[in-house]
Structures are given as structure tokens and as C-alpha cells.
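Peer 1: Predicted model, plus sequence, below.
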Amino acid sequence: MAYNLRQEMTKEERFHPGHRLCAGCGAGIVCRAMMRAVNAEDKAVICNATGCLEVSSFQYPYTSWSDSYIHTAFENASATASGVEAAYKAKKKKGDIAEDKNVKILAIGGDGGTYDIGFQSLSGAFERGTDFTYFCYDNNAYMNTGTQRSSATPPFASATTTPAGIESVGKKQDQKDLTQIMVSHGSPYVAQTTLFSNMKDFHEKAHRAIYVEGPTFVNVLTPCPRGWQYPAEDLQHICKMAIETCVWPIYEVVEGEYRLTYEPSHKLPVEEFMKLQGRFSHCFKPGNEWTIEAAQEYVDKRWEDLLNKCK
């Protein structure tokens with residue numbers, strides 16, 4: 001679906017204000033845009049793994065969601081989605097749901113509930129061919145419980161369980177590339193995007209993922225002001241720098257075919273992304289310059305690997 005800003009602004013909201021997410025958090029924007037990507041005439045069931053989003057958008061009896069919403073345990077959003085799909089098919093077969101009624105099944109979770117704790121149920125749902133779309137709002141750590149590192153935390157980022165100090169420069173391990181892992185599951189559609197400019201890239205990928213039959217996956221880099229340590233108003237700029245430095249490439253994989261959806265005209269050095277966030281401030285101290293060089297080598301290698309796949 002081609003993105004039309006004027007048309008989008010006339011749509012009825014399906015994720016409402018009044019939630020408890022922090023100012024400058026990207027998760028609420030992900031939800032709002034995700035629900036805008038569902039056709040107005042269709043219904044949706046949202047399966048939300050425990051995390052920042054769940055505790056902030058649904059505290060009984062109050063909710064920010066217009067559509068049917070299920071709070072799942074940390075580890076089983078995808079398994080819940082599989083159960084919803086089975087019930088939906090059974091009710092349609094019995095005639096309890098009209099044939100012309102279309103319900104889209106969506107699951108959403110942070111990187112803790114997706115990359116790590118929820119990966120088993122995510123992988124299982126994709127292996128079974130569940131017809132649903134999983135959105136990961138990747139904020140690079142377990143933010144809801146105090147910024148502990150996850151497998152999505154980038155190297156050298158300081159977290160409460162990998163703090164920077166006299167003998168430490170933050171997380172030592174590389175970042176898991178979950179988008180590539182989901183491609184290897186044989187999904188008909190996998191995409192990577194973030195929050196920037198007029199949301200065109202996010203909207204088109206979200207809509208495509210939701211309306212492709214089978215298990216689909218959208219990975220969204222979603223900055224966290226508390227964990228990343230940046231001023232709330234810098235959200236969009238940080239997303240832009242993630243793209244322009246190729247820290248977070250923007251691409252999609254359609255039936256196994258890689259398509260780069262944005263390529264910087266002039267790739268910026270990775271320090272332009274890192275210097276905006278307190279979690280990397282130790283990297284700029286005397287004696288730690290090697291971390292910036294290592295981060296640049298890491299990003300360059302992953303970028304070149306992606307370019308080769310797209311060619």
C-alpha cells in the first residue's frame with residue numbers, strides 16, 4: 001500500500017494516547033503506526049509479550065488498544081498468536097464468524113521477549129506456518145526491569161549487567177542479527193525498519209507484512225530515552241543517525257529476495273550515532289578510542305554482507 005500522509009491523518013486511531021510510556025519512547029509510535037497499517041474495515045487481535053509496552057498500555061480496566069488485546073507471558077506471545085489463529089479458523093469453519101470478516105493476528109514484544117525469552121515460541125510459530133505478523137520493538141535491552149543487557153544490545157553499550165567501568169567497556173559480545181535468523185525460517189516476508197521522517201518506510205513494510213499470508217516478521221529499532229540516555233526530543237535524530245551510519249540498515253526480504261529500501265548517499269561514521277547516547281559515553285574517554293574503531297569495523301562488515309545479499 002502506497003503511503004499517503006493526508007489519508008493516514010484521517011484514519012481513526014486504534015492505539016490511543018493516555019498510555020504510560022515515557023516521553024521520547026518509540027514503542028508507542030510503533031503501535032500507532034502498526035495499527036494504522038491494518039485496513040480500516042478489518043479487525044485485529046494483538047498478542048503482547050510482557051514488557052514496557054504491556055505495563056504502559058494496558059492496566060485493567062484501562063487500555064490504549066481499540067482492538068482485541070491479549071497480555072501474554074514474557075515468553076509466549078507467538079504461541080498465543082498460534083492459538084488465536086487456530087480458534088479463528090475453527091470458528092470460521094463452524095460459521096460463528098462470517099466468511100467475509102477479516103481478522104489479522106498480530107504479536108508484539110521487545111527484544112527481551114523476542115530475541116531471548118520469547119525466541120523459542122517465535123521460531124516454533126514460524127516453523128508451523130502460523131498466519132500472523134510479529135513486530136519486535138527493539139530497544140536493545142531489558143528496559144522494563146532496569147536496562148539489563150539482552151542479545152540485541154550492541155557491543156560496547158553500557159547496561160546495568162554490563163556496566164562500563166575501570167576494567168570494562170560495556171557489553172563484549174556482538175549483537176544477535178535476529179532479522180537474518182527469521183529470514184532463515186523461510187518466511188515469505190521479513191523486514192527491518194525504524195521510526196524516521198514521514199513513516200513511509202514503516203507503514204509500507206507493516207502493511208505488506210500484515211497482508212502477506214503466512215508468518216511474517218518486522219524488526220523495528222525503537223530507541224529508549226531511559227536506557228540509551230538521550231533527551232526525549234532526540235528520538236527522530238537518533239533513528240536517522242542509525243540509518244545514515246548503517247548501524248541499522250533498512251531492508252526487506254520478499255520470498256528470499258533481499259531488497260535494500262534505503263542506502264545512504266554518504267555513509268556517516270558510526271561515532272555520529274554513538275555520541276548521541278550516554279550508554280556509549282565511556283567510548284569517547286582517553287584510552288577507549290579503540291572501541292569506536294572496533295564498532296566501525298563491526299558495522300562495516302555487516303553492511304558489506306548485506307550489500308552482497310542485495311546484489
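Peer 2: That came through, no problem.
Peer 1: residue boundaries of the strands in the stretch 51-200 of the chain?
Peer 2: Taking DSSP state E, counting those that start in this stretch as the test, the strands found in the stretch 51-200 of the chain are 58-59, 62-63, 68-72, 103-110, 133-138, 141-142, 148-149, 164-165, 168-169, 189-194.
Peer 1: The second one pairs with which strands, parallel or anti?
Peer 2: Spelled out, it's strand 62-63. strand 58-59 (antiparallel) (DSSP bridges).
Peer 1: And the fourth one, by the same measure?
Peer 2: Sheet pairing for strand 103-110, assigned by DSSP bridges, gives strand 43-49 (parallel), strand 133-138 (parallel).
Peer 1: Just want the angle from it to strand 68-72.
Peer 2: With axes from the mean of the first three to the mean of the last three Cα atoms, to 10 degrees as the basis, strand 103-110 and strand 68-72 are set at 40 degrees to each other.
Peer 1: average pLDDT for stretch 137-149?
Peer 2: Stretch 137-149 comes out with an average pLDDT of 97.
Peer 1: Could you do stretch 256-274 as well?
Peer 2: Here stretch 256-274 scores 97 as its mean pLDDT.
Peer 1: Could you do stretch 91-104 as well?
Peer 2: 94.
Peer 1: how about that stretch: buried residues?
Peer 2: Neighbour-count burial for stretch 91-104 flags 97, 103-104 (criterion: 16 or more other Cβ atoms under 10 Å). No exception for glycine: its C-beta is placed from N, CA and C like everyone else's.
Peer 1: Return the member of the residues you listed nearest to residue 21.
Peer 2: Comparing the buried residues of stretch 91-104 against residue 21 with Cβ to Cβ picks out residue 104 as the nearest, at 23.1 Å.
Peer 1: For the closest residue to the closest one other than its chain neighbours, give me its contacts.
Peer 2: With Cβ to Cβ, 6 or more residues apart in numbering as the criterion, residue 104 has its nearest non-adjacent residue at 4.8 Å, and that residue is residue 44. By Cβ atoms under 8 Å, 6 or more residues apart in numbering, residue 44 lies in contact with 14, 35, 38, 67-68, 103-106.
Peer 1: Would you point out the most distant pair within these?
Peer 2: Spatially, the most separated pair among the contacts of residue 44 is 14 and 105, at 14.8 Å (Cβ to Cβ).
Peer 1: re the thing from before, so which of the strands paired with strand 103-110 comes closest to residue 164?
Peer 2: Using Cβ to Cβ, the nearest of the strands paired with strand 103-110 to residue 164 is strand 133-138, at 21.3 Å.
Peer 1: the inter-axis angle of the closest one versus strand 189-194?
Peer 2: Strand 133-138 runs at 30 degrees relative to strand 189-194, counting by the same axes, to 10 degrees.
Peer 1: Could you give the separation of strand 133-138 from the chain centroid?
Peer 2: Centre-to-centre, strand 133-138 and its host chain are 4 Å apart (Cα atoms, centre = their mean, to the nearest Å).
Peer 1: For that strand, which outside residues touch it?
Peer 2: Contacts for strand 133-138 (Cβ under 8 Å, 6+ apart): 26-27, 30, 34, 53, 77-78, 81, 104-111, 114-115, 122, 125, 152, 178, 206, 209-210, 215-222.
Peer 1: Which members of those residues are positioned in helices?
Peer 2: Per DSSP state H, helices hold the following members of the contacts of strand 133-138: 27, 30, 34, 53, 77-78, 81, 122, 125, 178, 206, 209-210.
Peer 1: List the buried residues in stretch 162-169.
Peer 2: Under 16+ other Cβ under 10 Å, the buried positions of stretch 162-169 are 162, 164, 169.
Peer 1: I meant stretch 52-68, not that one.
Peer 2: The neighbour-count check on stretch 52-68 (16+ other Cβ under 10 Å) flags 52-54, 56-58, 63-65, 67 as buried.
Peer 1: From one end of that stretch to the other, what's the distance?
Peer 2: For stretch 52-68, the first-to-last residue distance is 19 Å (Cα to Cα, to the nearest Å).
Peer 1: what's it in contact with?
Peer 2: Outside stretch 52-68, the residues touching it (Cβ under 8 Å, 6+ apart) are 12-21, 25, 27-28, 31, 35, 38, 43-46, 48, 69, 71, 108-110, 137, 139, 143-144, 224.
Peer 1: Averaged pLDDT, it. What do you get?
Peer 2: The average pLDDT for stretch 52-68 rounds to 94.
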